[in-house]
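J.: Starting from these lines, generate the structure:
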Amino acid sequence: MNFKKTLPLLAVLTLAAAAHADINVGVTVSATGPAASLGIPEKNTIALMPATIAGQKINYIVLDDASDTTAAVTNTRKLINEHKVDVILGSTITPNSLAMIDVVAEARTPMISMAASARIVEPQDAKKRWVFKTPQNDIMMSMAIVSHMANQGVKTVGFIGFSDAYGEGWYQEFSKIAALKNIQIIANERYNRTDTSVTGQALKILAAKPDAVLVAASGTPAVLPQRALKERGYAGKYYQTHGVANNDFLRVGGKDVEGTYLPSGPVLVAAQLTASHPLKKSAQDYVAKYEKAYGAGSVSTFGGHAWDAGKLMEAAVGPALKKAKPGTAEFRAALRDALETVKEVAGAHGVFNMSATDHLGLDQRAYVMVKIEAGAWKFQP
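T.: Got it, this is the predicted structure:
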């Protein structure tokens, strides 16, 4: 064998293989457990994402964290260490996403979360510079709710939320905005995602006699406080967060959630938007793709958050490929840098404009107010 000829040939083949390395995308979602109604449409949406971007093959490795924080961290380590992923998409819920930050920062791997809390990306620091997210921040949706409450003549509110980062984040942001509108929070209660009864909390809220109640929870567990209050005769106004904007909430809630107000991404009522709405085309594009794959009426706003994560990744891959090869630390850093410069990317929920200080990049185009009427979502102009 002529080693002088063989070695250069091997070097050329190695370089060629590196040049055409696939992009590995790691995904952890809560496809089972209390947040399954959020995670399942996200998992379904991953299957709709492009197989190639900028001519590069994309491999999606999808794991279920079962709505569990420890599992989410384990999944993240596995995706990074075993599957050598270039980017992480996930997780579904705030506690999981917060727990993943240390792992992705240590590995210097960009992460695009599909969870809501602003604390996932704020304040920006050495760790959170690797983290981006797609759902609207609590403060943005709090502003929408408080403005609607003020217009409805609400003066007092009873608050009940999850006893975790989601509920606490919502309370912090909502209480700030409510104070600016002279709306007083006269009851403040918490419950666990896995609780089966909130009788004690409901009785305390009833005793306070608020004009309205805000339930700061997500998925089908958000039905529990509202049902408890309805059963005990509370007749004030009900508000929920954008964490309940899917059909499972309507199915489980039934008559108990009729008349509820909530802020939502435009995708929830895409067909009801005016032709001039800046999100109508991009939102309907996602709805059409999802319902073609999974059936009419199956679309969910949570799947839309996954779709938007894919859109951000798609926008960043091209610029990153010009700087480095997939599978390298340099590519992961280039991908992070490119995500930070995304401009005017229209997704299912909003138009994204990222910066070094804003790793969400949404503005007022990213929400609408919705009311539940006759078991369906009704856009509130």
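
J.: which residues of the stretch 51-200 of the chain fall in helices?
T.: Assigned by DSSP state H, counting those that start in this stretch, the helices in the stretch 51-200 of the chain fall at 69-81, 94-107, 138-151, 165-180, 199-208.

J.: Among those, which comes closest to His277?
T.: Nearest of the helices of the stretch 51-200 of the chain to His277, taken as CB to CB: helix 138-151 at 15.6 Å. C-beta here means a position set from N, CA and C on the backbone, and glycine is covered the same way.

J.: Mind pulling up the pLDDT for the residue nearest the centre of the chain?
T.: With distances taken as CA atoms, centre = their mean, Met114 lies nearest the centre of the chain, 3.0 Å away. Listed pLDDT for Met114 reads 97.

J.: which one is it nearest to, not counting chain neighbours?
T.: Computed as CB to CB, 6 or more residues apart in numbering, the closest residue to Met114 that is not its neighbour in sequence is His305, at 4.2 Å.

J.: how far out from the middle of the chain is the helix or strand hosting that neighbour?
T.: Element membership of His305, judged by DSSP states H and E, is helix 301-321. The chain centre lies 12 Å from the centre of helix 301-321; the measure is CA atoms, centre = their mean, to the nearest Å.

J.: repeat for stretch 218-236
T.: 23 Å.

J.: before we move on, what about stretch 78-86?
T.: For stretch 78-86, the distance to the chain centre is 22 Å (CA atoms, centre = their mean).

J.: domain assignment for this protein?
T.: Per automatic domain parsing, the structural domains of the chain span 3-136+288-366, 152-264.

J.: Ala270 is nearest to which of the ones you listed?
T.: It is, among those and with distance given as CB to CB, domain 3-136+288-366, at 8.1 Å.

J.: Return the distance of that closest one from the chain's centre.
T.: 12 Å.

J.: what does stretch 241-253 give?
T.: 14 Å.

J.: Do me a favour and average the pLDDT over it.
T.: Stretch 241-253 shows a mean pLDDT of 93.

J.: May I have that stretch as CSV, with CA atoms only?
T.: What follows is stretch 241-253, C-alpha atoms only, in CSV (Å, rounded to 0.1, in the frame of the first residue of the first chain):
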residue,chain,number,x,y,z
THR,A,241,-53.4,32.7,31.0
HIS,A,242,-52.3,31.7,27.5
GLY,A,243,-51.1,28.5,29.2
VAL,A,244,-54.6,27.0,28.6
ALA,A,245,-55.0,27.8,24.9
ASN,A,246,-55.7,24.3,23.5
ASN,A,247,-58.7,22.1,22.8
ASP,A,248,-58.0,19.8,25.7
PHE,A,249,-58.7,22.6,28.1
LEU,A,250,-62.1,23.2,26.4
ARG,A,251,-62.8,19.4,26.5
VAL,A,252,-62.0,18.9,30.1
GLY,A,253,-63.4,22.3,31.3
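
J.: Tell me, how many residues neighbour Met140?
T.: 22 (other CB atoms under 10 Å).

J.: any idea how far it lies from Ala270?
T.: According to CB to CB, to the nearest Å, Met140 and Ala270 sit 19 Å apart.

J.: Just give me the neighbour total for the residue lying closest to Thr32 once chain neighbours are set aside.
T.: With CB to CB, 6+ apart as the criterion, Thr32 has its nearest non-adjacent residue at 4.8 Å, and that residue is Ala66. Other residues near Ala66 number 19, with proximity taken as other CB under 10 Å.
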